[in-house]
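**Student:** Sequence and computational prediction follow.
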Amino acid sequence: METIKLTNRQQQILDLIHTAIQNTGAPPTRAEIATELGFKSPNAAEEHLQALARKGVIQLVSGTSRGIRLKSQSTDLASTHLLRPFQTTMPGLSQLLLPLVGRVAAGAPILAQEHIEQTYPVQASMFQQEPDFLLKVKGLSMRNVGIMDGDLLAVKSTSEARNGQIVVARLGEEVTVKRLQKTPQGYSLHPENPDFQAIQVRPGEPFHIEGLAVGLIRTQL
């Protein structure tokens with residue numbers, strides 16, 4: 001296989017993308033790259049991203065501020081995977097059998113048997129962190145990080161998350177996928193689509209983090 005040669009600056013940007021995905025579950029924006037590396041404007045970051053795309057190490061998705069896909073890694077949230085239910089197990093590849101969670105009843109555990117619609121076999125190598133279940137995405141509130149209506153979000157069960165991570169959260173009778181921000185007043189759940197507003201969670205309101213988004217599976221192209 002031919003080795004792809006990158007300049008020092010291109011390697012810095014690629015490393016930054018990897019780090020952002022690992023820490024927050026999503027690639028950085030052009031503005032964030034420019035700030036981190038001291039560029040005068042996001043246009044300079046865009047030029048380097050275009051060069052990386054020409055060399056085949058990333059793919060740029062138009063229309064989204066975080067539309068960067070890593071070609072060499074399939075675990076970031078902006079990556080697209082085609083999943084066929086109950087596909088034949090491939091020899092030599094570790095498989096996970098993940099429950100697909102459908103509509104969640106108020107007050108019931110998210111992995112209660114009545115919530116599980118079916119089970120999917122998925123290659124374990126698709127994810128840096130092993131997920132515990134899949135959740136079918138509804139709506140376009142996270143469109144700008146490549147999470148689209150109908151996608152299957154791979155989720156690792158946890159009640160803890162850091163600022164900036166994408167979580168599955170339960171608010172009263174609703175389950176939502178948003179970017180978590182901790183504030184002095186409580187929690188704030190931020191969409192990745194300007195058409196939607198952030199959800200403010202005040203102390204005492206029914207709120208629970210169900211899990212952390214660790215990957216995405218696209219069921220249709």
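**Tutor:** Looks like it came in fine.
**Student:** I'd like the next helix or strand past the helix or strand where Q11 lies.
**Tutor:** In the assignment (DSSP states H and E), Q11 maps to helix 8-24. Sequence-wise, the next helix or strand downstream of helix 8-24 (DSSP H and E) is helix 30-37.
**Student:** Could I get the average pLDDT for the next helix-or-strand element following that following helix?
**Tutor:** Once helix 30-37 ends, the next helix or strand along the chain (criterion: DSSP H and E) is helix 42-54. For helix 42-54, mean pLDDT rounds to 90.
**Student:** Can you mark which positions in whatever helix or strand comes next after helix 42-54 are buried?
**Tutor:** Following helix 42-54 in sequence order, the next helix or strand is strand 58-60 (DSSP H and E). Neighbour counts using 16 or more other CB atoms under 10 Å place I58 of strand 58-60 among the buried residues. From N, CA and C alone the C-beta is placed, and that goes for glycine too.
**Student:** Stretch 153-167 now?
**Tutor:** When burial is assessed from 16+ other CB under 10 Å, stretch 153-167 yields the following buried residues: 153-156, 158, 161, 165-167.
**Student:** Give the rounded mean pLDDT of that stretch.
**Tutor:** Per-residue pLDDT over stretch 153-167 has a mean of 90.
**Student:** and if you look at stretch 121-140?
**Tutor:** 82.
**Student:** Restricting to C-alpha, output it in CSV.
**Tutor:** The C-alpha trace of stretch 121-140 is given here as CSV (Å, rounded to 0.1, in the frame of the first residue of the first chain):
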residue,chain,number,x,y,z
PRO,A,121,-24.7,-8.0,14.5
VAL,A,122,-22.0,-5.3,14.1
GLN,A,123,-18.2,-5.5,13.7
ALA,A,124,-16.6,-4.6,17.0
SER,A,125,-13.7,-2.9,15.2
MET,A,126,-16.1,-0.2,14.0
PHE,A,127,-15.9,1.5,17.5
GLN,A,128,-13.1,2.7,19.7
GLN,A,129,-15.4,2.2,22.7
GLU,A,130,-17.7,-0.9,22.8
PRO,A,131,-21.3,0.2,22.6
ASP,A,132,-24.1,-1.4,24.6
PHE,A,133,-27.0,-0.6,22.3
LEU,A,134,-28.3,1.2,19.2
LEU,A,135,-30.8,4.0,19.2
LYS,A,136,-32.7,5.0,16.1
VAL,A,137,-32.3,8.7,15.5
LYS,A,138,-35.5,10.8,15.1
GLY,A,139,-35.3,14.2,13.6
LEU,A,140,-32.5,16.5,12.3
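**Student:** Tell me how far it lies from the chain's centre.
**Tutor:** 9 Å (CA atoms, centre = their mean, to the nearest Å).
**Student:** Can you give me the distance of the residue nearest to A45 when sequence neighbours are not counted to I58?
**Tutor:** Counting by CB to CB, 6 or more residues apart in numbering, I33 is the residue found nearest to A45 once chain neighbours are left out, at 4.0 Å. Counting by CB to CB, to the nearest Å, the separation of I33 from I58 is 12 Å.
**Student:** what do the two both touch?
**Tutor:** Taking CB atoms under 8 Å, 6 or more residues apart in numbering as the contact rule, I33 and I58 both touch L49.
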